[in-house]
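>>> sequence first, then the predicted structure, then my questions.
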Amino acid sequence: MKRRTFLKGLAAGSALAVASQTVLTSTASADDDDIIHHLQNRANPSTLEKKHVPAIEAPSKVQKDVWFDVKIKVGYLIEHPSKFNHWIQNIELLVDNYDVAETEFETGGVCGPYATFRIKLSENAVLKARAKCNLHGEWESDPVNITVA
Ligand SMILES: [Fe+2]
């Protein structure tokens with residue numbers, strides 16, 4: 001979701017979120033740029049899924065318009081490698097399918113596969129996370145429902 005579309009969504013009363021991370025530019029790309037991978041079978045995940053599907057840690061209930069942290073780790077069962085030739089290039093946070101925050105890691109082997117975004121919500125929302133590996137493409141988390149009290 002592009003910034004202009006998201007801003008239109010805000011004007012319509014959807015969730016408000018602000019990223020607390022710096023956005024950088026990356027020049028690397030994976031072969032399958034157009035595919036977003038998901039966990040196929042929670043009872044029997046593949047090794048790739050264990051290492052690439054992001055996990056979201058956030059409170060299930062929050063107060064209206066009060067900041068809270070959303071922590072994202074990649075992958076949800078096994079920490080993704082961070083090496084000079086194999087690393088997570090970016091981590092995105094989606095609120096009600098709007099891409100509201102993103103952090104990018106320009107080189108491998110320096111930053112771990114984690115991101116924390118501080119956001120606030122004005123109404124119930126569904127969070128998702130996406131992460132892109134330089135070798136294995138883009139992966140999306142399961143949705144997480146947040147209730148606003
Ligand atoms: Fe990978």
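Structure's in. What do you need?
>>> for Ala149, grab the count of nearby residues.
8 (other Cβ atoms under 10 Å). All C-beta spots, glycine's among them, are computed from the backbone N, C-alpha and C.
>>> now do it, the pLDDT please.
pLDDT for Ala149: 94.
>>> next: Leu7.
Taking Leu7 on its own, its pLDDT is 39.
>>> how about the closest residue to the ion within the chain, phi and psi?
Residue nearest to the ion within the chain (Cβ to the ion): Cys133, separated by 3.3 Å. Here is the backbone geometry of Cys133 (degrees, to the nearest 10): phi -90, psi 140.
>>> is it true that it touches His86?
Yes - assessed by Cβ atoms under 8 Å, Cys133 is found in contact with His86 at 7.4 Å.
>>> of those two, which one has the most company?
Taking neighbours as other Cβ under 10 Å, Cys133 and His86 compare with Cys133 leading, 24 against 14.
>>> off-centre distance for stretch 56-76?
Taking Cα atoms, centre = their mean, to the nearest Å, one finds the center of stretch 56-76 at 11 Å from the center of the full chain.
>>> please apply the same query to stretch 134-141.
Its chain's average C-alpha position is 11 Å from that of stretch 134-141, according to Cα atoms, centre = their mean.
>>> what's it in contact with?
28-33, 35-38, 48-49, 52-56, 72, 74-76, 85-89, 108, 128-133 (Cβ atoms under 8 Å, 6 or more residues apart in numbering).
>>> and with 7 Å instead?
The contact list for stretch 134-141, computed with Cβ atoms under 7 Å, 6 or more residues apart in numbering, reads 28, 30, 32, 35-38, 48, 52-56, 86-87, 89, 108, 128-132.
>>> export it as PDB, just CAs?
Provided in PDB are the C-alpha atoms of stretch 134-141 (Å, rounded to 0.1, in the frame of the first residue of the first chain):
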ATOM      1  CA  ASN A 134      17.600 -11.200   0.200                       C
ATOM      2  CA  LEU A 135      17.600 -14.900  -0.900                       C
ATOM      3  CA  HIS A 136      14.100 -16.200  -0.100                       C
ATOM      4  CA  GLY A 137      11.700 -13.400  -0.900                       C
ATOM      5  CA  GLU A 138       8.900 -11.800   1.000                       C
ATOM      6  CA  TRP A 139       7.000 -13.400   3.900                       C
ATOM      7  CA  GLU A 140       3.800 -12.400   5.800                       C
ATOM      8  CA  SER A 141       2.800 -13.100   9.300                       C
END
